[in-house]
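1. predicted model follows, preceded by the sequence.
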Amino acid sequence: MGRQPAAGGGRWVEIPPERLERWFAGFADRHGGIGGVERDPDLRFLSVLGVDGALAECHPAFPPLAGDGDPLPALVAHAARARRVGVLLVRLGGYAAGIFDGATLVASKVDSRLVHGRNKAGGQSAQRFARRREGQARQLTDAAAAVAERILLPEVKTLDAVVLGGDRAAVEAALAAPPLAPLRALAVDRFLTVPDPRLAVLQAAPDAFRATRIRVVDAGDRLTRG
């Protein structure tokens, strides 16, 4: 379970679907029970209040949430739903494309490419190096686009969503070709921060794209900032 400081106070935790119901039970135990639950008007997150005033702001993968019924069980069911998801990861060290049924990788292609780092020298040598680097980067993103077209595009009508990650500029360049517009249309807002894509990195992607991200603000912190 990842933890990191949150802008505006509190901390982020990432909870996999299999642990979400138990996490809410623990939150209730730690904070004197659940004092209330509010849905975001756009159904993109839930705000769960502890009786002691603590806050758990819950951002599920693949919003929006259901707008009716008991919100906490609905969130747990939403997170646990099996989805067919396409993933494209691109960095200047390589790329990976894959299709997941739930958390199971059922199709994939991974490759690495050399793109040299920046040259600190000046003059014509630096200009030649920059042109060479730009050419290498273009070859990599072209190759990533070709793999996305081969692995993901034929299955696009079967996909619930497309998840992107790596380097934003490299991903945008790879997906810029007009034939890949259907993939762009399915892309979710959550962008995965990953190292150079390797098979193990791709296989671990569901840990990030299926998790519910929760900003936890303890009661004392809320009072202090309020």
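-> Nice, I can see it. Numbering: from 1, shown residues only.
2. all strands for the chain, in order.
-> Secondary structure of the chain (DSSP state E): strands located at 3-5, 11-15, 34-39, 46-50, 55-59, 84-91, 94-101, 104-112, 161-166, 187-192, 212-217.
3. any idea which of the ones you listed gets closest to Ala173?
-> Ala173 lies closest to strand 84-91 among these, at 8.0 Å (CB to CB). Heads up, the C-betas are built off the backbone N, CA and C, glycines and all.
4. in its sheet, what does that closest one sit against?
-> With DSSP bridges as the test, strand 84-91 is paired with strand 94-101 (antiparallel), strand 161-166 (parallel).
5. just put the strands of the chain in TSV and tack on mean neighbour count and distance to Glu149.
-> TSV is the format used below for those (neighbours: other CB atoms under 10 Å; distance: least, CB to CB, whole Å):
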stretch	mean neighbour count	distance to Glu149
strand 3-5	9	35
strand 11-15	18	31
strand 34-39	14	38
strand 46-50	20	37
strand 55-59	22	31
strand 84-91	25	11
strand 94-101	24	9
strand 104-112	15	11
strand 161-166	22	13
strand 187-192	15	15
strand 212-217	21	31
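6. mean pLDDT for those strands: which is lowest?
-> Per-stretch mean pLDDT for these is lowest at strand 3-5 (a mean of 76).
7. thinking again about what came up before, so can I have a markdown table of the strands paired with strand 84-91 showing distance to Ile214?
-> Output for those, formatted as a markdown table (distance: least, CB to CB, whole Å):
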| stretch | distance to Ile214 |
| --- | --- |
| strand 94-101 | 22 |
| strand 161-166 | 19 |
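8. what's the local residue count around Arg30?
-> A count of nearby residues for Arg30, using other CB atoms under 10 Å, gives 13.
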